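1. Let's see this in three dimensions:
(chains A and B)
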Amino acid sequence: MILDWLLQPFSYAFMQRGLVVAIMVGILCAVIGCYVVLRSMAFLGDALAHAILPGVAVAYLLGGNLLLGALAAAIVVALGIAFLSHDGTIKEDTAIGVLFAAALSLGVALISSIRTYAVDLSHILFGNILGVSPSDMLLVIILSVIVLAILIAFYRPFMIVSFDPTLAQTLRLPGGLLRSVLLILLAVTIVISMQTVGIGLVAAMLVTPSAAAYLLTRRLPAMMALSGLFGAVSSLAGLYASYYLNIASGAAIVLAATLIFLLAFFFSPQRGLVWNYFRTRSYRKSIS
Amino acid sequence: MKNSGLLATPARLELDKVTIAYNSHPALEDISLKIPHGARVAVVGPNGAGKSTLFKALVGLIPLSQGQILIHGETLGTHQDCVAYIPQREDVDWRFPVTVEDVVMMGRFGKFGWFRRATARDHQIVRQSMDQMGILPLAQRSIGELSGGQQQRAFLARALAQEPHILLMDEPFTGVDVTTQEVTLKLLEQLRQQNVTVLVSTHDLNMAAQRFDTIILLNHRLIAFGSPQEVFTQQNVSAAFKSQVMFMDTAMIVDQCCGTDEEKKAEP
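-> Just a heads-up that it's a prediction; the model follows:
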């Protein structure tokens, strides 16, 4: 009975593909999202997500691969931000603000010149998890595995450079190179998330599961593992909600992740508001 | 370069006409000195004299405008892992999810490199370093939960785990508890036996005179370099501290509470 309820949505091949891609992307976003949260790169992630729009539009107009177009645009904007802010003339968040709005506008301008733009734009903005083709699925799996492998293989240098840049310099770690690699991995992650939650909501998938995991763990490997789990669970729960309640899948996934974050925020054993309240109250009782 | 903690050759640290400028404003000018291996050196001078700048230059954090720094007779950068630096508090993200043990293990990275995992020996050195600094019971605590003094001891333990030839400490005695001060001073004693060169910047001229065998007195330029008796003369100290110093008979009083605004700006 319950098993039926659980299995029924996935009797369709397109739902199976959607499930695989959603869980893969959920895990990937959540794991790289730990660095986004710890290095305060949330705004950059959101900006990169919006910056891929002109790339998608150009690829569409030229009849090329949309994912490659998106990736190229994301990397160009990431390098542009690094260039504008490299000597400190303007701050990084200002450079992000300027370039991301410009890229988004360029994307909208290009897409509005395409006749059927309304449909395509909403797919790019909010995802189209049920339209995943078998070749898309394969590409998502391959890219996710590569990005996760790099993050795990270079876990220690990434951690040192994020925690203590001075030590990284003393140890002669290439800080600039590591930062660029992280940016490119982030760009790849965002591009493959385009199909599940869309560029409008990808920032939430980067930040929300990792922020919840941060509240519950005290070591980076544990934070990444738990964050990945939260990402996968959010994707699964979101797909069920989408199927049975007939709501947009990307939004349902983000809302599921938000629910997990709120539970962690209020009930975390170490930092949760609720336990802190009871601790304070019992302490007050004990002294009165 | 791989190296064991102890060195057979009498190596040294040399500065040859080192000048460092920020936006063409010189922070350090024409500093030349030779420090023998295993020396304990206190770096003193007023606020903004360029003490932190000197340390950052020694670990390669700031490029030199002129001159060169030689370690064991080779230019800076040739050696991968022989200088350890205790950073200032502001440079570290204390909310980062790492335990004390993780932080100390980071010091071993230079030894085991990009593709190897920590060996039993790395773990043993990390435990020893934590034990030496009296923070072994705190090994599994988050770095952010510790007191300021305990955090500093965790970073000292990390520097020990690096097995450095030269250890740089920027103001390790400022704003820490007495235990940490004592543990730090005891560490200096042990490091001397291991032939490690230690450079410590401090505001405490008494401690510098009593606990260190060599003094570098700085105020943008090298005012004096040598034993405490040679360096702490009336003439040198007034050259370095200018109006902040007052002499009464044989006593010397230096007001270091606040440098002038201009001096503060000079040090980034």
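2. how far away is B:Arg117 from B:Asn23?
-> Distance of B:Arg117 to B:Asn23, computed by CB to CB, to the nearest Å: 44 Å. In short, each C-beta sits where N, CA and C put it, glycine included.
3. OK, now which residue of the stretch 1-150 of chain A is nearest to chain B?
-> With CB to the nearest CB as the measure, A:Leu38 is the residue of the stretch 1-150 of chain A nearest to chain B, at 6.1 Å.
4. So what's the residue count around that residue?
-> The number of residues packed near A:Leu38 is 20, by other CB atoms under 10 Å in any protein chain shown.
5. So, low pLDDT: which residues of the stretch 101-250 of chain B?
-> By pLDDT under 70, the low-scoring segments of the stretch 101-250 of chain B are B:113, B:115, B:246, B:248-250.
6. Can you list the residue ranges for strands in it?
-> B:166-170, B:197-201, B:214-219, B:221-226, B:245-248 (DSSP state E, counting those that start in this stretch).
7. and stretch B:24-36, which residues are buried?
-> B:26-29, B:31, B:35 (16 or more other CB atoms under 10 Å in any protein chain shown).
8. which one among these gets closest to chain A?
-> Chain A has its nearest neighbour among the buried residues of stretch B:24-36 in B:Ala27, at 17.6 Å by CB to the nearest CB.
9. where does that closest one fall, phi/psi-wise?
-> Main-chain torsions, B:Ala27, degrees, to the nearest 10: phi -90, psi -30.
10. ok, it touching B:Leu218?
-> No. Using CB atoms under 8 Å as the test, B:Ala27 is too far from B:Leu218 to be in contact (10.2 Å).
11. Can you pull the residues that touch both of those two?
-> By CB atoms under 8 Å, 6 or more residues apart in numbering or on different chains, B:Ala27 and B:Leu218 have these common neighbours: B:Gly50.
12. quick one on the thing from earlier: let's see which of the buried residues of stretch B:24-36 end up in strands.
-> Within the buried residues of stretch B:24-36, residues falling in strands by DSSP state E are B:26-29, B:31, B:35.
13. and which of those is nearest to A:Phe265?
-> Distance to A:Phe265 across these (CB to CB) is lowest for B:Ala27, with 45.2 Å.
14. so how far is B:Ala49 from the closest one?
-> Separation of B:Ala27 from B:Ala49 (CB to CB): 9 Å.
15. Could you report the separation of whatever residue of the stretch 151-268 of chain B ends up closest to chain A from B:Val83?
-> Going by CB to the nearest CB, chain A is nearest to B:Arg158 of the stretch 151-268 of chain B, at 7.7 Å. Using CB to CB, B:Arg158 is found at 13 Å from B:Val83.
16. do A:His50 as well
-> In terms of CB to CB, A:His50 sits 43 Å off from B:Val83.
17. In space, what's closest to A:Gly97 - neighbours in sequence excluded?
-> By the measure of CB to CB, 6 or more residues apart in numbering or on different chains, the closest residue to A:Gly97 outside its immediate chain neighbours is A:Ala47, 7.7 Å from it.
18. Thanks a lot, see you next time.
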